[in-house]
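>>> okay, structure incoming, though there's no sequence with it:
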């Protein structure tokens, strides 16, 4: 079959949910699907449901014969072994042979990597980093992930686990990360959970009126903080300033390490636009030594959120 | 002339002094030289003295005809432009076209890079990282430098300045770095100056007796702290514990970024052996998430200190 007629499947496994799609050679996601990740306490029932749903999409797309392979992005995913190992944001503990489990069900070649690495590949092929040889992709979602491209290639490290910027310690002895037990990691502040915690803390430590006091705790996310900031809410603006201070410091450290042309941000937090980008940029510049100042672009991914990770994961399957 | 008969020159420019040598194809440093860096307020007089001294070595080695080229390692050295830009630890400010200045005097091809990048190349060719494809070299000298090897290649970044791990912020709002004006960088704690400052601070903040109280301030370096630690001196041991805590945290962050097989340490501080390595290793492991634990070797360079940087710099000149 000609390459043009072939399709691939991209699967993006997140802490909350798993998105997948059938993708053509031009990077169009022809069919989309979704299953919950967190409702499955064991990986076996997750794989059962995922395989069923993916099979439905494959059938819609013309059957297994048209599918060249499956690319999977997952937290702590390892391209060398096809396993997910000790992923703090997934419900399954230990070493999970995800690639083999999916392969056994769907009888197709499976390539697996870190979800953020997959997203970085997607940005390099189709997105904001098209044509760049040195950039860092940072995903600000349930967790904080990163993919580092240096000299046009993903850095995998000696064991396939490079790019865990979200777990680097920004504030020594800072906020506890429930998943890892470590204190003060970037993820404990700049993830969805982190922003909510910051808002709760700031509301508790202040007597000032705030629109956020009317928001139920389970709705207190970066979207709610953004809505309040639009109204000029002081505490909402403080939440972004605080988050941007920590994110900016982490970005400065990353820049001084691998000197990228740009940092591409992706995920829920980026929807708050300049409210989060402005303090992030300012604190990044403040922490950079002169040789790096006013050089590094902070870009927001312009790929559709539902497609970016799927596209990135699917890109792996073409090789 | 056959490659075997050719020689190269390696020059390592440090904040205090500049070492250089004539090197053969087997990595033997045949002739050594040294000039002071810090006594030269202008780069012109520095280049004059350096060129004179290098010419003497070249003549000893059989004359310019035998020299294939010159490799230079310098702080903030840029392989793309041959310049040193805004190096906080050098006496000359702004952008210095060092490669061209040396080339104009010595009439030989000159390749220049970051001093730590040069050291990393030396370790990969002749040293503790021989055969490794993913490692990080960290030089603990007057400053703290780093060279990152990923997939067998140095990471230069989009502008040639990657690998400034010494300037990453480990303790937000921590100790002021006089050269950069930034607070809490790794270099402000784990450099020679940093260790001395820590000892001074700990002596001032404690009333305990200590052998270090008898050491004149200008002799209070990691060697003096080591000598006191050998005698069981409590404050000396605390200096290493504190330094190792910060260095270990920085190493953990670097590991979670690029997942190296090993970290190779080099420089004055490493001579304190297990006094500094033990706390460094412990704090690194404590800050790593599980997937990285008990995997990464911390190695000490076994190249002769006087040769390692010269060898690394010279290696550039063979290409």
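Good, I have the coordinates. Bear in mind that the values here come from a model prediction, so they are computed numbers and not experimental data.

>>> surely residue A:133 and residue A:151 touch.
Yes. With contact taken as CB atoms under 8 Å, residue A:133 and residue A:151 are classed as touching, separated by 5.7 Å. Quick note: C-beta positions are derived from backbone N, CA and C, even for glycine.

>>> residue at max distance from the center of chain A?
Distance from the C-alpha centroid of chain A, by CA atoms, centre = their mean, peaks at residue A:207 (34.8 Å).

>>> tell me the spacing between it and chain B.
Shown here: residue A:207 relative to chain B, a distance of 26 Å by CB to the nearest CB, to the nearest Å.

>>> next: residue A:81.
As defined by CB to the nearest CB, residue A:81 lies at a distance of 12 Å from chain B.

>>> and for residue A:116?
Using CB to the nearest CB, we find residue A:116 at a distance of 12 Å from chain B.

>>> now residue A:280
Residue A:280 sits at a distance of 15 Å from chain B (criterion: CB to the nearest CB).

>>> is that residue in a helix, a strand, or coil?
Secondary structure assignment for residue A:280 (DSSP: H, G, I helix; E, B strand; the rest coil): helix.

>>> same question for residue A:306.
When the rule is three-state DSSP, residue A:306 gets the label helix.

>>> wait, it touches residue A:19, no?
Yes. Look at residue A:306 against residue A:19 with CB under 8 Å: they come within range, at 6.4 Å.

>>> so residue A:263 is in which element?
With secondary structure defined by DSSP states H and E, residue A:263 is part of strand A:262-266.

>>> off-centre distance for that strand?
For strand A:262-266, the separation from the chain centroid amounts to 11 Å (computed by CA atoms, centre = their mean, to the nearest Å).

>>> identify the neighbouring strands of it in the sheet and state each direction.
Strand A:262-266 has its sheet partners listed here by DSSP bridges as strand A:135-140 (parallel), strand A:297-300 (parallel).

>>> which residues are contacting it?
Applying CB atoms under 8 Å, 6 or more residues apart in numbering or on different chains, the set of residues contacting strand A:262-266 from outside is A:119-120, A:123, A:127-129, A:132, A:135-141, A:251, A:254-255, A:277, A:296-301, A:303, A:305, A:308.

>>> please apply the same query to stretch A:84-99.
Residues contacting stretch A:84-99 (CB under 8 Å, 6+ apart): A:13-15, A:37-38, A:40-43, A:46-47, A:72, A:74-78, A:81-83, A:110-112, A:142-143, A:161, A:177, A:179-180, B:289-291.

>>> can you do 7 Å?
Stretch A:84-99 is touched from outside by A:15, A:37-38, A:40-43, A:72, A:74-78, A:82-83, A:110, A:112, A:142-143, A:179-180, B:289-291, with contacts defined as CB atoms under 7 Å, 6 or more residues apart in numbering or on different chains.

>>> what's the answer for stretch A:18-38, then?
For stretch A:18-38, with CB under 7 Å, 6+ apart as the criterion, the contacting residues are A:3-4, A:6-17, A:46, A:49-50, A:53-54, A:57-58, A:60-61, A:90-91, A:125-126, A:306-307, A:309-311, A:314.

>>> inside strands: which ones of these?
When the contacts of stretch A:18-38 are checked against strands (DSSP state E), the matches are A:7-13, A:17.

>>> pull out the buried members of these.
Using 16 or more other CB atoms under 10 Å in any protein chain shown as the burial test, these include A:7-13 as buried.

>>> up against chain B, what does the stretch 101-250 of chain A have?
Proximity of the stretch 101-250 of chain A to chain B is confined to A:133-134, A:150-151, A:153, A:155, A:157-159, A:161-162, A:164-165, A:167-169, A:171-172, A:180, A:182, A:249 under the rule CB under 7 Å from any CB of the partner chain.

>>> buried ones only from those, please, as a ChimeraX command.
The ChimeraX selection below is limited to those of these classed as buried (16+ other CB under 10 Å):
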select /A:134,150,155,157,158,159,161,162,164,165,167,168,169,171,172,180,182,249
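
>>> just checking, which of the residues of the stretch 101-250 of chain A next to chain B belong to helices?
Among these, the members falling in helices are residue A:249 (criterion: DSSP state H).

>>> middle-most residue in chain A, spatially?
residue A:139 (3.4 Å).

>>> pLDDT wise, what is that residue at?
Model confidence at residue A:139, given as pLDDT, is 92.

>>> before we move on, what about residue A:4?
In this model, residue A:4 is scored at 64, pLDDT.

>>> show me where the stretch 201-319 of chain A has helices.
Along the stretch 201-319 of chain A, the stretches classed as helices by DSSP state H, counting those that start in this stretch are A:222-230, A:234-258, A:274-287, A:305-316.

>>> which of those sits most buried?
Highest mean neighbour count of the helices of the stretch 201-319 of chain A: helix A:305-316, a mean of 26 (counted as mean count of other CB atoms under 10 Å in any protein chain shown).

>>> what stretches of chain A score poorly on pLDDT?
Judged by pLDDT under 70, chain A has its weakly predicted residues at A:1-4.

>>> what residues does stretch A:295-302 touch?
Stretch A:295-302 is contacted by residues A:123, A:127-128, A:255, A:260-266, A:270, A:277, A:280-281, A:308, B:159 when judged by CB under 7 Å, 6+ apart.

>>> and with 8 Å instead?
Contacts of stretch A:295-302 with the rest of the structure, by CB under 8 Å, 6+ apart, involve A:119, A:123, A:127-129, A:137, A:251, A:255, A:260-266, A:270, A:277, A:280-281, A:284, A:288, A:308, B:159.

>>> quick check: the closest residue to residue A:122 other than its chain neighbours vs residue A:151, distance?
Counting by CB to CB, 6 or more residues apart in numbering or on different chains, residue A:122 lies nearest to residue A:312, which is 2.9 Å off, once chain neighbours are set aside. Distance, residue A:312 to residue A:151, using CB to CB, to the nearest Å: 19 Å.

>>> taking the stretch 101-250 of chain A, what residue is nearest to chain B?
Across the stretch 101-250 of chain A, the shortest distance to chain B (CB to the nearest CB) belongs to residue A:157, at 2.4 Å.

>>> quick one, phi/psi of that residue?
phi 80, psi 180 (degrees, to the nearest 10).

>>> thought it was touching residue B:150?
Yes. Here residue A:157 lies in contact with residue B:150, judged by CB under 8 Å, at a distance of 7.3 Å.
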